[in-house]
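**Q** sequence-free structure coming up:
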């Protein structure tokens, strides 16, 4: 199916100036000269597999395609970078391969259009196995340095975008990667460290802290709990806070910056709410103040 | 297994200056400023799957890992580009996942070391399915323009590197991607068009011709037939020429350039032989002179 599907795909993919040569040669040619005068180049890759990361019997293929792009967009946003082009690799079950590829690409192209990304290339195979989508996303930092997990310093404000928990109710398929937020924040604040929430607020916050060699004193009551977490809690018997703390697949950003920068951005309007949920400390670990005592909290979430 | 294997891998991967931040953050940070003052950036991706592109019961996992890199290196060479870093995604069968990942990475790291490539990132999953390896390779064109399939003009000399046919005897697992040849040719000749031979000499030559809008008058007797093609012919009943014409997985380069440039490079020494196998013509199709007549040849090879 590959040649004919590629011909179809070439017709469907918009030409964007960042990709001089896209699908159809041995490799893609990506023009950087005009778009990245200064900053470094960013690349990330994430695969999702039927039966592991989604269930094709329950979800539409276009949603799955959208998700394969969105999770990578979220990684690029967590670097404070601008996504520009994607390479998309599909491993398709033999039965209905062309139909599945077409529907998956509906979601991929919808995400590409929303975020102005060119599909620069990819690969397609059919095999005896479940649908697997692997996306490599390329981007760049327009100026300055990328946001790493390791840049937090003691005394930073810790902010989270949007609201967390309960994504399993469906939001995880159509997350809102915070690309625009990242782009706007770069212009107004010096973000010290960032990570996106894929495996759970507490687990990813713990990873950022471990990489930076700091801890966090959390304002637990300030953690923005998503309505989905409240709804899901009614089904599970867990508390909404527990869902917010550990569910994952929120694809929101955790950001650290100076308290003065935080005060400034907290007074501004972005595509989503920003909430301060605590401050970093030189004492490692996640802590909550309970009266006059500090109580240590355990990070929980999805462990690979 | 992912966290512990990634920790192991981080230890095994050499630090190279082109990757400022590798495995362990949300995305890789690739420094281009020093290495690519002028030319464009190149990206390609290719996956190989057990039962489709190799048979793990017959081949060693390290050979399979090596191949996953080599086929992408060949694509980068076919663009006249220099490879710099790779993102490696594995989908591993649940049984023996860690052992398989370790052995696959032996071959991947061997190729990375041989070609001075940094492993910038990747993804690892285990699932109910066959081993699948997807590599995205990034590179750049040091100066000038990339070699496209579409650049050939009538009257070009058509050259092929090495010798072709019979790769199935084992060479297909450990091909010699022509990265060094491409790099040296850039300095001495103006290559008009290039493609690597993955699906068969005749099929890939036909693709180059179709992209360029030209044909080729072949010097059929000058096609460099690999010893493997002669050996395989003894088993198959096909002729060595038929194997050379259509076998594929040679990962040699087909190159076109002016006859004067060809005369110059044919007199030089590279990592492998170069052979002129004909000239491009304005009449499309693949042709062979038989006495005074031109006979049209059919491209044959591996169709996806």
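**A** Structure's in. What do you need? Just so we're clear, the structure is a prediction, and the values are computed from it rather than from any experiment.
**Q** closest point of the stretch 101-250 of chain A to chain B, which residue?
**A** In the stretch 101-250 of chain A, the residue that lies nearest chain B is residue A:129 (3.5 Å; Cβ to the nearest Cβ). For the C-beta atoms, the positions are set from N, CA and C on the backbone; glycine is no exception.
**Q** residues near that residue, how many?
**A** Number of residues near residue A:129 (other Cβ atoms under 10 Å in any protein chain shown) recorded here: 26.
**Q** check residue A:198 too.
**A** As a burial measure, residue A:198 scores 23 neighbours (other Cβ under 10 Å).
**Q** and residue A:149, by the same measure?
**A** Residue A:149, neighbours per other Cβ under 10 Å, totals 23.
**Q** so what's it closest to, chain neighbours aside?
**A** residue A:211 (3.9 Å; Cβ to Cβ, 6 or more residues apart in numbering or on different chains).
**Q** can you pull the contacts of the residue of the stretch 101-250 of chain A closest to chain B?
**A** Shown in contact with residue A:129 (Cβ atoms under 8 Å, 6 or more residues apart in numbering or on different chains): A:91, A:93, B:49, B:127-130, B:132.
**Q** OK, contacts around the one residue sitting closest to the centre of chain A?
**A** Closest to where the C-alpha atoms of chain A average out (Cα atoms, centre = their mean) is residue A:74, at 2.1 Å. When contacts are counted by Cβ under 8 Å, 6+ apart, residue A:74 is found next to A:175, A:177-178, A:196, A:198, A:251, A:253.
**Q** filter the contacts of residue A:129 to the buried ones?
**A** Those of the contacts of residue A:129 that meet the buried threshold are A:91, A:93, B:49, B:127, B:129-130, B:132, by 16 or more other Cβ atoms under 10 Å in any protein chain shown.
**Q** show me which pair in the contacts of residue A:74 is furthest apart.
**A** A:178 and A:198 (12.6 Å; Cβ to Cβ).
**Q** in chain A, mark out all the strands, start to finish.
**A** Listed in chain order, the strands of chain A (DSSP state E) span A:19-21, A:28-30, A:41-49, A:82-93, A:118-127, A:132-140, A:157-161, A:193-196, A:215-218, A:253-257, A:274-281, A:285-290, A:293-297.
**Q** which one of the ones you listed has the lowest average pLDDT?
**A** Among these, strand A:19-21 has the lowest mean pLDDT, at a mean of 74.
**Q** for the residue nearest to residue A:131 when sequence neighbours are not counted, name its beta-bridge partners.
**A** The shortest distance from residue A:131 to any non-neighbouring residue, by Cβ to Cβ, 6+ apart, is to residue A:50 (4.4 Å). Legend: beta-bridge partners of residue A:50 under DSSP bridges are residue A:54.
**Q** and for residue A:50, the neighbour number?
**A** 23.
**Q** show me which residues of the stretch 101-250 of chain A sit near chain B.
**A** Proximity of the stretch 101-250 of chain A to chain B, by Cβ under 8 Å from any Cβ of the partner chain, involves residues A:120-130, A:132, A:134, A:136-139, A:141, A:146, A:148-150, A:194-196, A:211.
**Q** switch the cut-off to 7 Å
**A** Residues of the stretch 101-250 of chain A that fall close to chain B, judged by Cβ under 7 Å from any Cβ of the partner chain: A:120-123, A:125, A:127-130, A:132, A:134, A:136, A:138, A:146, A:148-149, A:195-196.
**Q** might you report the residue contacts of residue A:44?
**A** Listed by Cβ atoms under 7 Å, 6 or more residues apart in numbering or on different chains, the contact set of residue A:44 reads A:72, A:75-76, A:137, B:26-28, B:121.
**Q** could you do residue A:26 as well?
**A** B:44, B:75, B:78-79, B:195-196.
**Q** redo that, cut-off 10 Å
**A** The contact partners of residue A:26, by Cβ atoms under 10 Å, 6 or more residues apart in numbering or on different chains, come to A:121, B:42, B:44, B:46, B:72, B:74-81, B:146-149, B:194-196, B:198, B:204, B:207, B:253.
**Q** for it, give its distance to residue B:161.
**A** 14 Å (Cβ to Cβ, to the nearest Å).
**Q** same question, residue A:195
**A** 46 Å.
**Q** now swap in residue A:64 and tell me
**A** 41 Å.
**Q** residue A:230 now?
**A** 64 Å.
**Q** between the two, who's got more neighbours?
**A** In terms of neighbours (other Cβ under 10 Å), residue B:161 is the more surrounded of residue A:230 and residue B:161; the figures are 27 against 16.
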